[in-house]
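*Asks:* any chance you could fold what I've pasted below:
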Amino acid sequence: MNRRTLIRDALVVTPGEVLRTSVLIEGPKIAALDVPATVRADEEVRARGMVLLPGVIDPHVHFREPGLEHKEDLHSGSRAAAAGGVTTVLEMPNTRPPTTTVQLLHEKLARAAQKCLVNYGFFIAATPENLQELQKAKRTPGIKIFMGSSTGNLLVDDPKVLERIFAHTTLPIATHCEDEATIRRNRERLGPRLSVEDHSRVRDHEAALRSTQLALELAQRTQHRLHVLHVSTAQEVQLLAQHQGLVTAEVCPHHLFFNTRHYETLGTLVQVNPSIKTPQDNEALWRGLLQGHLQLVASDHAPHTWEEKQRPYPESPSGLPGVENLLPLLLDQVNRGRITLQQVALWTAEAPARVWDMVDKGRLAPGYDADLVLVDMNLSRQVRHENQYTRCGWTPWHGTTLQGWPVMTWVRGQKVFEKGRFDLRVRGAEVVFDHTRGGYWATQGGTSQAEG
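*Replies:* Predicted coordinates:
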């Protein structure tokens, strides 16, 4: 007998409307909305005054396992995710060893089945030599290409190699776009004595734009589905607006909220790749989201230890944690009147499910997986280093007060988080990807099995 949970009288965010109603969960699925008052369940949650959203899908995290577990691992990262209302994560391949073969991909999936509190999927990384592995891979959202160097040694910047990958693989491609030649030229021009403020001069607008232009040209020439990761400049937004139908793109909270002025107060804590840019870029990225030129928001959760981040630049590593604060940052913007709850649900659940062809994910509707988050839009809380669940134990948003926080999270019908407490028995499931669906632009009707 499937366990039944009834969430009563919540403000429910569905694809078509926001309505006050009740939601019935049976086993791992959403069974019904607008449930009669006579219906009973094994557990009832009184949710009046709360908002029920589809669980966040964070399609860009670095959980550091295997090889870098001192920063994060699949268990600690997924616990932080659950606390932030994130019910599904897609993890990047620059671990040690990097995920460059089908065997290593399957080994990660096996680890996650034992350790992940939320649902999971793993990208496979492109190298100049692993075309056959990319052609064989199946249980994955897609191929990650580091067109600019970042954490790890997975750089692929030879145009001929890139074209071969685009032309001779079928999985969707996700690109880290920064032009390596521009980065090297900028570094040489600035000389050996660099400060963290120079990070945005080394990895400048031109580096991002050149690489994104190349990725878009390759996608158009080969008619290969492309997703541009962590867009950081106004120029890229303008470029992406012209390529809808084949290409999608994401933005991260640090590129929405931080800019070069924050180096003065936060230093290496906001050192990321691509670098943070100007206040004008912040505004352009927000416009890109609101106008639909950028399709989703992802955290690019990339934890390093506090000690690592305190090293003098450029020895300090790039990357910052974000998976547990992604949703509160957006909910705070809802309370400020900048965005709506339906936009949050689109950018953090439906859009990533559609971009990566996830079956039964991303919507609060009957037949979909019961991946849900209940939030208190009136709850104000200060973000603090000491309250972070990520293993690295710090956040660049330390001291920021946000209004709107998750209070309860369900993963496939199992309550995994409630007001600071976890059910550590819960395990997420491997995401099912159906790449015949064609991605974001082909799935306006959603991703449920019934709708096919």
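*Asks:* residues contacting residue 271?
*Replies:* Each residue near residue 271 by CB atoms under 8 Å, 6 or more residues apart in numbering is listed here: 196, 199, 309, 313, 316, 317, 318, 319, 320. In short, each C-beta sits where N, CA and C put it, glycine included.
*Asks:* from those, pick the one nearest residue 146.
*Replies:* residue 318 (12.5 Å; CB to CB).
*Asks:* count of neighbours near the residue lying closest to that closest one once chain neighbours are set aside?
*Replies:* Nearest in space to residue 318, with sequence neighbours left out and distances taken as CB to CB, 6 or more residues apart in numbering, is residue 273 at 4.4 Å. Counted with other CB atoms under 10 Å, the neighbours of residue 273 add up to 23.
*Asks:* my read is that residue 273 contacts residue 180, right?
*Replies:* No - using CB atoms under 8 Å, residue 273 makes no contact with residue 180, being 11.6 Å away.
*Asks:* buried set for stretch 125-142?
*Replies:* Across stretch 125-142, burial judged by 16 or more other CB atoms under 10 Å covers 125, 126, 127, 130, 133, 134, 137, 139, 140, 141, 142.
*Asks:* actually stretch 374-389, sorry about that
*Replies:* Residues 374, 375, 376, 377, 383, 388, 389 are the ones in stretch 374-389 that count as buried (16+ other CB under 10 Å).
*Asks:* in a markdown table, list those along with distance to residue 256 and pLDDT.
*Replies:* Converted to a markdown table, these look like this (distance: CB to CB, whole Å; pLDDT from 0 to 100):
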| residue | distance to residue 256 | pLDDT |
| --- | --- | --- |
| 374 | 25 | 98 |
| 375 | 19 | 98 |
| 376 | 23 | 98 |
| 377 | 20 | 98 |
| 383 | 15 | 98 |
| 388 | 20 | 98 |
| 389 | 22 | 98 |
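*Asks:* export these to JSON lines and tack on distance to residue 174?
*Replies:* Converted to JSON lines, the buried residues of stretch 374-389 look like this (distance: CB to CB, whole Å):
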{"residue": "374", "distance to residue 174": "31"}
{"residue": "375", "distance to residue 174": "28"}
{"residue": "376", "distance to residue 174": "34"}
{"residue": "377", "distance to residue 174": "32"}
{"residue": "383", "distance to residue 174": "28"}
{"residue": "388", "distance to residue 174": "26"}
{"residue": "389", "distance to residue 174": "26"}
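*Asks:* nearest to residue 284, of those residues?
*Replies:* residue 383 (25.4 Å).
*Asks:* ok, how many other residues are close to the closest residue to the closest one other than its chain neighbours?
*Replies:* Nearest-residue entry for residue 383: residue 397, 4.4 Å, with adjacent residues in sequence omitted and distances by CB to CB, 6+ apart. When neighbours are defined as other CB under 10 Å, residue 397 has 25 of them.
*Asks:* then residue 436?
*Replies:* A total of 8 residues lie near residue 436 under the criterion other CB under 10 Å.
*Asks:* which residues touch the residue nearest to it when sequence neighbours are not counted?
*Replies:* Of all residues not flanking residue 436 in the chain, residue 357 sits nearest, at 7.8 Å (CB to CB, 6+ apart). With contact set as CB under 8 Å, 6+ apart, residue 357 has these partners: 141, 172, 433, 434, 435, 436, 437, 438, 439, 443, 447.
*Asks:* not counting its neighbours along the chain, what's nearest the second one?
*Replies:* Of all residues not flanking residue 172 in the chain, residue 142 sits nearest, at 3.8 Å (CB to CB, 6+ apart).
*Asks:* ok, now the fifth one?
*Replies:* Nearest in space to residue 435, with sequence neighbours left out and distances taken as CB to CB, 6+ apart, is residue 357 at 4.9 Å.
*Asks:* same question for the third one.
*Replies:* Here the nearest residue to residue 433 in space, its sequence neighbours aside, is residue 357; by CB to CB, 6+ apart that works out to 5.0 Å.
*Asks:* name the helices or strands packed onto the longest helix seen in the chain?
*Replies:* Counting by DSSP state H, the longest helix found in the chain is helix 205-222. Secondary-structure packing of helix 205-222 (3 or more CB pairs under 8 Å, 6 or more residues apart in numbering; DSSP states H and E): helix 159-168, strand 173-176, helix 180-190, strand 226-228, helix 234-240.
*Asks:* now do the buried residues in the first one.
*Replies:* Read it as helix 159-168. 161, 162, 165, 166.
*Asks:* same deal with the last one?
*Replies:* Within helix 234-240, the residues that qualify as buried by neighbour count (16+ other CB under 10 Å) are 234, 235, 236, 237, 239, 240.
*Asks:* let me have those in a markdown table, extended by distance to residue 94 and pLDDT.
*Replies:* Shown next, in a markdown table, are the buried residues of helix 234-240 (distance: CB to CB, whole Å; pLDDT from 0 to 100):
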| residue | distance to residue 94 | pLDDT |
| --- | --- | --- |
| 234 | 27 | 98 |
| 235 | 26 | 98 |
| 236 | 22 | 98 |
| 237 | 26 | 98 |
| 239 | 26 | 97 |
| 240 | 24 | 97 |
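*Asks:* contacts only, for the closest residue to residue 154 other than its chain neighbours.
*Replies:* Leaving aside its sequence neighbours, residue 154 sits nearest to residue 146 (CB to CB, 6+ apart; 4.5 Å). Residue 146 is in contact with 94, 125, 126, 152, 154, 155, 156, 176, counting by CB under 8 Å, 6+ apart.
*Asks:* sort out for me which of these are in strands.
*Replies:* 125, 176 (DSSP state E).
*Asks:* let's see if you can find the most crowded of the contacts of residue 146.
*Replies:* When neighbours are counted by other CB under 10 Å, residue 126 leads the contacts of residue 146 with 28 neighbours.
*Asks:* got phi/psi on the residue nearest to residue 172?
*Replies:* As for residue 142, its main-chain torsions (degrees, to the nearest 10) stand at phi 170, psi -170.
*Asks:* isn't it right next to residue 227, touching?
*Replies:* Yes - counting by CB under 8 Å, residue 142 does reach residue 227; the two are 7.3 Å apart.
*Asks:* got any residues that touch both of these two?
*Replies:* Among the neighbours of residue 142, those also in contact with residue 227 (CB under 8 Å, 6+ apart) are 172, 173, 174.
*Asks:* what about the last one, distance to residue 123?
*Replies:* Distance of residue 174 to residue 123, given as CB to CB, to the nearest Å: 7 Å.
*Asks:* do residue 364 as well
*Replies:* Relative to residue 123, and taking CB to CB, residue 364 is found at 26 Å.
*Asks:* neighbour-wise, which of these two wins?
*Replies:* residue 123 (27 against 24).
*Asks:* hey, where'd the helices end up in the stretch 351-452 of the chain?
*Replies:* 351-355 (DSSP state H, counting those that start in this stretch).
*Asks:* my error: substitute the stretch 201-350 of the chain in the last question.
*Replies:* 205-222, 234-240, 253-257, 263-266, 279-290, 306-309, 326-335, 341-345.
*Asks:* so what sits against both of residue 273 and residue 180?
*Replies:* Residues touching both residue 273 and residue 180 (CB under 8 Å, 6+ apart) are residue 148.
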